[in-house]
Each structure stands twice: as C-alpha cells, then as structure tokens.
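Novice: what's the 3D shape of this:
(one chain, ligands or ions: 1)
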Amino acid sequence: MKKKKRILFVGIAVITALILMIVRVPKHTAAVDISKEVHHAPVMPSSFTPKDAPLQYNHSKRKVVYLTFDDGPGAYTPQVLSILKQNHIQAAFFLIGSHAQQYPSLVKQELQSGDYIGLHSMSHTYKKLYVQGTFVPEMLETQQIIKGIIGIAPRLARPPYGSMPGLTQQLRNQAVEAHLLVWDWTIDSLDWTYDKKPLDRSVPAIVNNVLSHAVRDREVVLMHDIHPQSVQALPLIIEGLRAKGYDFEVYNEANHFPMNFWHDGRL
Ligand SMILES: [Zn+2]
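Specialist: Numbers count the residues shown, from 1 in each chain. Below you'll find the predicted structure:
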C-alpha cells in the first residue's frame, strides 16, 4: 500500500512538472512580431490556423518546412490534395487567375483542406509583369477572382520567376501600397524542368533537389501542382523531410514573416 502511494505521488509530480514545462515555453517567436506591423485584411478562417508551436523548444530548435505549389489549380491538383490529406499536412497554393476560374471547385477544396490560397498573377509573363510593370494590377485581379470563389481576398503573392530581379523597388512600393505581401522560396524543387522526361529518372532527381537543400531551420519549398512528376515526387519529399526532423506548417497571414529575395521587410 505504501509503495503504491509512493508511485502515485511520483506520478503526480512528474505530470505536474510536464505541465509546468509546457506552460512555460514561450508561445511566439520573433516572426510573430513582424506581423504586428502589417495591416491585417481578412485572413483564412481561424479553424485553419497552423499549429502555433514555438521554433525554440527545450533548447532544441524546431525545424519547420512550408510546402508551396504554384501555377494551379490544374489536372494534378486533386492528387496533390489527396497526398497532403493522407499525410495530415497542409500547403500553400499560389493560383493563376484564369486557372482558378477554370477550376473553382478545386479552389474551394483547397480552402476546405486547410490550405492557404495565394496569388500568382494573370499572365505569368515576365515581360508583362516586370518590364511593363503589371505585377500589382495582375495580383489584385487574381485576388478578386479568388474572392469571388471563396469569399476571401488573399494578400500573399508568389512572383512568377521569383522576385529577383524583376520586382524592382518601384514595383515593391506599389505592392506595399496595395497591401500585398510577397513570398519567394528557399528551395526550388525544379520539378517543372523534368517535363516529358521518364518518371523513373525525374522523380528521384526532384526528391534529391529538395532533400539535399533542406538544411535550415525554416525552409519554403517551391513545387508545382500541374506536373505528373511533382505528384510522384511529393510522397517521397514528405517522407524525406520528416526523416530529417522537419514539421510541416501552412502559411498564415496572421503569422506572416518576410521571405523575399530582396530582404524587403515591408513585404
Ligand atoms: Zn509560376
């Protein structure tokens, strides 16, 4: 009886200590402070807020990866959504306006899955976006199309071809005035470059492109949901990133942090 009581006492002490440890861990990271400077427009519903876990945890840094898919929605988007669902993770999809108009039910499905829906322009043309300077009006047009489908106007834009060198200071100023945010990436899967190449060669190459570059505590992976090789590579990329200790998070405007090649903190 005495022994049982002692075990019970030790058990309670351990549980109490664990609760105290969890409570004392800081809830937010530096990334959150940046969002305070940002004017907040309507964001994705709060039920889709990502796990709000700290980057620093018991002296060991948490490694976080954000999967992002550009150029959709398209014929391969349902497969990507299904793989994400099987793995209980979410991603960000940066949509081309006309593709959103073509596949409104996929846009709704992305929202229902808890994914972030962002902007990826109308024309996807370097010359138009950056030489003629239509970046902001094209992103705003895409924003209105998406708002018409899901009732939410996203602010985060993924610049086609990346923000460097096309998104000049003048265009970035316009983006700031239009309350847009801009995200590039840290890892390019180069998935689109393997179009029409045999899958048994392209898939391992894409997986390796991502996994060999996943070395930082926070990575943003660029992929596309309009190519078969990307779909085939995705489960292996998820598995490999998990094995490297990464947690998967989905972008959320409320927790925005700058991720652009210009290091422009306003975006
Ligand atoms: Zn693109």
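Novice: count of neighbours near the residue in the stretch 151-267 of the chain that the ion sits nearest to?
Specialist: Residue nearest to the ion within the stretch 151-267 of the chain (CB to the ion): Pro160, separated by 4.4 Å. Where C-beta positions appear, they are placed from N, C-alpha and C, glycine not excepted. Pro160 is flanked by 22 other residues according to other CB atoms under 10 Å.
Novice: who are the neighbours in contact with it?
Specialist: Contacts for Pro160 were tallied using CB atoms under 8 Å, 6 or more residues apart in numbering; they are Asp70, His120, Ser121, His124, Thr125, Tyr126, Leu129.
Novice: Could you look up the next helix or strand downstream of the strand or helix carrying Pro78?
Specialist: Per DSSP states H and E: Pro78 is located in helix 77-86. Counting by DSSP H and E, the element after helix 77-86 in chain order, helix or strand, is strand 92-95.
Novice: I'd like to know which helix or strand in this structure has the lowest mean pLDDT.
Specialist: Lowest by mean pLDDT, DSSP states H and E among the helices and strands of the chain is helix 30-36, with a mean of 37.
Novice: what helices or strands is the helix holding Pro78 leaning on?
Specialist: Counting contacts by 3 or more CB pairs under 8 Å, 6 or more residues apart in numbering; DSSP states H and E, helix 77-86 packs against strand 63-70, helix 104-112, helix 228-243.
Novice: what's in contact with the second one?
Specialist: Helix 104-112 has contacts (CB under 8 Å, 6+ apart) with 44, 48, 72-73, 77-78, 81, 93, 95, 100, 117, 146, 149-150, 152.
Novice: Which of the residues you listed ranks first by neighbour count?
Specialist: Of the contacts of helix 104-112, with other CB under 10 Å as the count, Leu95 tops at 32 neighbours.
Novice: so what's that one scoring on pLDDT?
Specialist: With respect to pLDDT, Leu95 scores 98.
Novice: Quick one: name the residues of the stretch 101-250 of the chain near the ion.
Specialist: Pro160 (CB under 5 Å from the ion).
Novice: redo that, cut-off 6 Å
Specialist: By CB under 6 Å from the ion, the residues of the stretch 101-250 of the chain that approach the ion are His120, His124, Pro160.
Novice: what about the closest residue to the second one other than its chain neighbours, distance to Lys85?
Specialist: If I follow you right, that is His124. Spatial nearest neighbour of His124, excluding adjacent residues (CB to CB, 6 or more residues apart in numbering): Pro160 at 4.8 Å. In this view, Pro160 and Lys85 are 27 Å apart by CB to CB, to the nearest Å.
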